[in-house]
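K.L.:
with the input below, show me the fold.
(one chain, ligands or ions: 1)
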Amino acid sequence: MNGILHTERLRLRHWETKDLLDCIEMNLDTEVMKYFPAILTKEQTIQFYDRVQQHFLEHGFGLYVVENTSTKEFLGYTGFMIANFEASFTPCVEIGWRFKKQFWGKGYATEAAKACLNYGFDTLGFDKIYSFTATPNLKSENVMKRIGMHKTGRFSHPKIDKEHILNLHVIYEIEKKL
Ligand SMILES: CC(C)(COP(=O)(O)OP(=O)(O)OC[C@H]1O[C@@H](n2cnc3c(N)ncnc32)[C@H](O)[C@@H]1OP(=O)(O)O)[C@@H](O)C(=O)NCCC(=O)NCCS
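P.N.:
The predicted model follows:
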């Protein structure tokens with residue numbers, strides 16, 4: 001009904017208010033948030049949820065909830081955001097992901113992201129999709145590699161302190177196949 005995309009094991013769908021509890025729990029987990037400047041408090045996740053809704057209203061696409069088709073559990077999210085911080089390659093379409101820790105190591109992020117890439121190119125009409133992450137976040141970089149993205153460089157994230165260990169980011173890109 002509310003499903004945008006279906007894969008072998010997953011359903012990607014729009015957010016429902018019931019997802020907030022799972023998202024709050026995920027964003028409070030220090031392991032999940034290890035490569036971000038800080039965890040998100042309950043209030044910050046509610047603001048994040050509102051920003052995600054606003055993004056859908058403005059652009060018609062965004063971050064989708066990833067649900068296990070058999071158990072209906074909330075696993076995390078994957079999808080697109082317009083990145084508009086100051087950099088040579090912005091504004092651009094970014095693909096991103098975040099999953100609850102207990103669902104890592106099962107290939108869910110890769111499966112969801114592959115489906116999103118196809119949707120982005122074939123249905124949303126994107127020509128190029130970017131992804132970036134802090135250099136120590138190898139798990140995220142590995143997802144980028146597994147879905148066929150190519151590393152094109154590094155950049156200093158303008159919203160993170162120059163001295164901070166998370167300042168330096170890798171950039172990955174993928175273009176629509178002609
Ligand atoms: C980034 C993140 C989504 C990656 O999760 P992940 O579990 O490593 O990635 P996947 O879901 O694609 O799973 C791949 C792993 O599952 C394994 N796997 C097990 N069963 C599998 C299956 N049926 N199919 C595919 N892979 C499977 C793979 O071998 C791989 O293991 P490895 O990492 O030991 O090589 C996760 O670490 C996360 O949510 N981190 C916090 C948020 C974050 O940093 N987001 C990115 C910000 S830029």
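
K.L.:
all strands of the protein, in order?
P.N.:
Using DSSP state E, the strands found in the chain span residues 3-6, 10-13, 63-68, 74-83, 92-99, 128-134, 150-156, 168-175.

K.L.:
ok, which of those comes nearest residue 109?
P.N.:
Comparison of the strands of the chain against residue 109 by C-beta to C-beta identifies strand 92-99 as nearest, at 4.8 Å. Quick note: C-beta positions are derived from backbone N, CA and C, even for glycine.

K.L.:
chain center to that closest one, what's the gap?
P.N.:
Distance, stretch centre to chain centre, for strand 92-99: 3 Å (C-alpha atoms, centre = their mean, to the nearest Å).

K.L.:
outside of that strand, which residues touch it?
P.N.:
With contact meaning C-beta atoms under 8 Å, 6 or more residues apart in numbering, strand 92-99 is reached by 26-27, 32, 63, 66, 75-83, 108-109, 112-113, 116-117, 120, 126, 128-132, 140, 143.

K.L.:
still on that earlier bit, mean pLDDT and distance to the ligand added to the strands of the chain, as JSON lines?
P.N.:
Listed next are those as JSON lines, based on pLDDT from 0 to 100; distance: least, C-beta to the nearest ligand atom, whole Å:
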{"stretch": "strand 3-6", "mean pLDDT": "88", "distance to the ligand": "16"}
{"stretch": "strand 10-13", "mean pLDDT": "98", "distance to the ligand": "10"}
{"stretch": "strand 63-68", "mean pLDDT": "98", "distance to the ligand": "10"}
{"stretch": "strand 74-83", "mean pLDDT": "98", "distance to the ligand": "6"}
{"stretch": "strand 92-99", "mean pLDDT": "98", "distance to the ligand": "4"}
{"stretch": "strand 128-134", "mean pLDDT": "98", "distance to the ligand": "3"}
{"stretch": "strand 150-156", "mean pLDDT": "97", "distance to the ligand": "13"}
{"stretch": "strand 168-175", "mean pLDDT": "98", "distance to the ligand": "8"}
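
K.L.:
so of these, which one's packed in deepest?
P.N.:
strand 63-68 (a mean of 24; mean count of other C-beta atoms under 10 Å).

K.L.:
tell me what that one is packed against?
P.N.:
In terms of contacts (3 or more C-beta pairs under 8 Å, 6 or more residues apart in numbering; DSSP states H and E), strand 63-68 is packed against strand 10-13, strand 74-83, helix 108-122.
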